[in-house]
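> Give the three-dimensional model of this entry:
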Amino acid sequence: MAQIAPQSAMARILESDSDGDGLTLAEELKLGTKATEFDTPAEIAASRQRQFQAFSSKDSAAFEL
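Down below sits the predicted model:
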């Protein structure tokens, strides 16, 4: 899609919140939440926690002393 749409159009799409839950499409994609369904604050928090845990476990080997 980025190859067909101008960069300004892509930016507007990624910064839009189509389901009204306060997360932009870019954030929804990053967290793995549904961009077309309202996510409750608890669902958003759980997604952020899962993302943080995945990041920490992936990089923990790099920080061994």
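> for the chain, what's the longest helix?
helix 41-59 (DSSP state H).
> Can you give me the end-to-end span of stretch 3-23?
For stretch 3-23, the first and last residues are 24 Å from each other (C-alpha to C-alpha, to the nearest Å).
> residues in contact with that stretch?
1-2, 24-26, 31, 33-40, 44 (C-beta atoms under 8 Å, 6 or more residues apart in numbering). From N, CA and C alone the C-beta is placed, and that goes for glycine too.
> Which of these fall within helices?
The subset of the contacts of stretch 3-23 that ends up in helices is 25-26, 31, 44, with DSSP H as the criterion.
> between those residues, which is nearest Q53?
The shortest gap between Q53 and any of the ones in helices among the contacts of stretch 3-23 belongs to L31, at 12.7 Å (C-beta to C-beta).
> what about the nearest residue to the closest one once chain neighbours are set aside, how many neighbours?
Computed as C-beta to C-beta, 6 or more residues apart in numbering, the closest residue to L31 that is not its neighbour in sequence is S47, at 4.1 Å. Residue crowding around S47 was assessed by other C-beta atoms under 10 Å; the count is 18.
> Please determine how far S47 is located from D21.
Distance check for S47 against D21: by C-beta to C-beta, to the nearest Å, it reads 11 Å.
> hey, what's in contact with both of these two?
The contact sets of S47 and D21 overlap at 33, 39 (C-beta under 8 Å, 6+ apart).
> picking up where we left off before, from what I can see the residue nearest to L31 touches T33, true?
Yes: the pair S47 and T33 qualifies as a contact (C-beta atoms under 8 Å) at a distance of 5.1 Å.
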